[in-house]
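Asker: model this:
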Amino acid sequence: MAPSYTLHYFNSKGRAEVSRLILAQVGVKYVDHRIEREQWPELKPKMPFGQLPVLDVDGVLISQSHAIERFLAKEHGLTGKNSLESAQCDMVVDTLSDMMVVAVQIFLEQDPAKKEELKQKFLKEVLPPFAKNFEKMLVKNGKGHIVGDQVTWADIALANIMSTIEAKTPDTLKDYPNIKEIGRAHV
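Answerer: The predicted model follows:
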């Protein structure tokens, strides 16, 4: 019998969106439990480490977005064809996390002038080296995927982040056609 999944997260994309996209990619039904901010104080003590997202798998709670994503990818054949491809997927997702540490600062900043300064720094200094390397990987692989010749969770994670960046700052990825294509294909 297939496991029962409930994904707990705030009523936004955020750190749960890649998990949602993985489940959509493989056509698995799940409960998408969207938590409103005012509900969180009551639920927080019931969650491992008091954080979201949390995936409930038949009563077993898994926290941390990448742990959830990695679990779902392994369970549903999205980690590549072998251990090397699996490690490459991890490399891509971990690199995206490094990039997003800087991007998150923009969203948390309250001062409009400082927010704009952080945004411009991200778009001009932080994003380009990452985007160039991801584009280079896509070109080198030549198979329409960042790793291997089939969809992996790395494709989904890359598409999610880059399409979000493109939606918020149109034309940011104009020099990276393969990244834009993967975004269209997986989000």
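
Asker: Look up how far Gln150 lies from Ser19.
Answerer: For Ser19, the distance to Gln150 (CB to CB, to the nearest Å) stands at 19 Å. (C-beta placed from N, C-alpha, C; glycine too.)

Asker: Settle it for me: which of those two has more neighbours?
Answerer: Just comparing Ser19 and Gln150: by other CB atoms under 10 Å the higher neighbour count belongs to Ser19, 26 against 14.

Asker: Now do that one against Trp153, distance only.
Answerer: Computed as CB to CB, the Ser19 to Trp153 distance reads 9 Å.

Asker: Which neighbours do those two have in common?
Answerer: When CB atoms under 8 Å, 6 or more residues apart in numbering defines a contact, the residues bordering Ser19 and Trp153 alike are Glu69, Leu72.

Asker: which residue packs closest to Phe134, ignoring adjacent ones?
Answerer: Distances taken as CB to CB, 6 or more residues apart in numbering place Ile179 nearest to Phe134, at 5.8 Å, with adjacent residues excluded.

Asker: That neighbour: neighbour count?
Answerer: Neighbour count for Ile179, taken as other CB under 10 Å: 25.

Asker: Same check on Lys119?
Answerer: If you count neighbours by other CB under 10 Å, Lys119 ends up with 17.

Asker: List the contacts of it.
Answerer: When contacts are counted by CB under 8 Å, 6+ apart, Lys119 touches Ile106, Thr169.

Asker: Report whether it is found in a helix, as I expect.
Answerer: Yes - assessed with DSSP: H, G, I helix; E, B strand; the rest coil, Lys119 lies in a helix.

Asker: For Thr79, see how far away it is.
Answerer: On the measure of CB to CB, Lys119 and Thr79 end up 33 Å apart.

Asker: What of Lys124?
Answerer: Distance of Lys124 to Thr79, computed by CB to CB: 34 Å.

Asker: swap in Asn178?
Answerer: For Asn178, the distance to Thr79 under the criterion CB to CB works out to 21 Å.

Asker: Looking at the two, which is more packed in?
Answerer: More neighbours sit around Thr79 than around the other of Asn178 and Thr79, counting by other CB under 10 Å; the figures are 23 against 19.

Asker: which residues of this protein score low on pLDDT?
Answerer: Applying pLDDT under 70 to the predicted model, the residue ranges of the chain that meet it are 187.

Asker: What segments of this protein are helices?
Answerer: Listed in chain order, the helices of the chain (DSSP state H) span residues 17-26, 40-43, 65-75, 83-108, 112-121, 127-141, 153-168, 177-186.

Asker: Could you give the number of residues near Ala167?
Answerer: For Ala167, which is what you asked about, the neighbour count (other CB under 10 Å) is 11.
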